[in-house]
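Visitor: 3D, please:
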Amino acid sequence: MTSIYDVGLWWWPRPEPVVSRAERADCDDLATIHAAAFHRGWGAEDIAAMLAERNVLAHVIRRRPAAPPAGFILSRIAADEAEILTVAVAARLRGRGYGARLLKAHVPDLMRAGVRTLFLEVEVGNSPALHLYERAGFVTIGRRKGYYRTEAGTTDAITMRRDLPAL
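Guide: Residues are numbered from 1 along each chain as shown. As a prediction, this is how the structure comes out:
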């Protein structure tokens with residue numbers, strides 16, 4: 001469906017993207033986004049199984065309230081730590097701050113759940129993601145050799161950490 005933004009009506013105010021908790025009904029869209037973003041994408045059933053876990057927190061971002069998901073973030077909580085397992089944004093919307101908006105909504109919910117330390121891994125060559133995480137206060141704490149499998153072989157992961165204040 002063509003919107004007024006697609007046909008050049010640039011003076012019309014663009015609605016702000018909306019972040020909310022991910023739901024079971026989002027899983028097909030999330031699987032499509034994830035498959036396009038990563039070498040080994042997750043299926044809808046995989047995402048649904050994770051969402052059903054009590055220690056998993058996930059948010060989606062939509063271009064406007066009734067739109068399908070344009071991206072998502074998913075973390076697994078263990079005691080006072082959490083690991084961001086994925087951040088994925090639809091290819092056509094990357095570079096527009098959607099990842100930063102997802103992090104901005106996600107981290108406070110993790111803090112409310114008692115998380116004090118947040119970890120993630122990111123592919124060494126994924127400069128946009130590395131820059132996003134550094135801007136969000138993550139610091140590099142290690143490197144995992146050959147962590148990701150690609151069509152060309154393997155590539156390393158950068159391990160990052162962010163300490164969160166107590167609420």
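
Visitor: contacts for stretch 34-52 next, please.
Guide: For stretch 34-52, contacts defined as CB atoms under 8 Å, 6 or more residues apart in numbering pick out 22-24, 27-28, 30-31, 56, 58, 72, 74, 76, 85-86, 88-91, 148-151. Every residue, glycine included, has its C-beta placed from N, CA and C.

Visitor: mind running it again at 10 Å?
Guide: For stretch 34-52, the surrounding residues in contact (CB atoms under 10 Å, 6 or more residues apart in numbering) are 21-33, 56-58, 71-72, 74-76, 85-92, 94, 123, 129, 148-152, 155.

Visitor: please flag which of those residues sit within strands.
Guide: Applying DSSP state E to the contacts of stretch 34-52, the entries found in strands are 21, 56-58, 71-72, 74-76, 85-89, 123, 148-150, 155.

Visitor: whichever of these end up buried, select them in PyMOL.
Guide: Buried residues within these, by 16 or more other CB atoms under 10 Å, are selected in PyMOL with:
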select buried, resi 56+57+58+71+72+74+75+86+87+88+89+123+148+155
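
Visitor: for the most centrally placed residue in the chain, list each beta-bridge partner.
Guide: Centroid-nearest residue in the chain, with CA atoms, centre = their mean: residue 87, separated by 1.9 Å. Residues in a beta bridge with residue 87, per DSSP bridges, are residue 73.

Visitor: give the contact list for it.
Guide: For residue 87, the contact set (CB under 10 Å, 6+ apart) comprises 37, 59, 71-75, 98-100, 102-103, 106, 120, 122, 129, 132-133.

Visitor: quick one: low-confidence parts of the chain?
Guide: Applying pLDDT under 70 to the chain flags the ranges 1-12.
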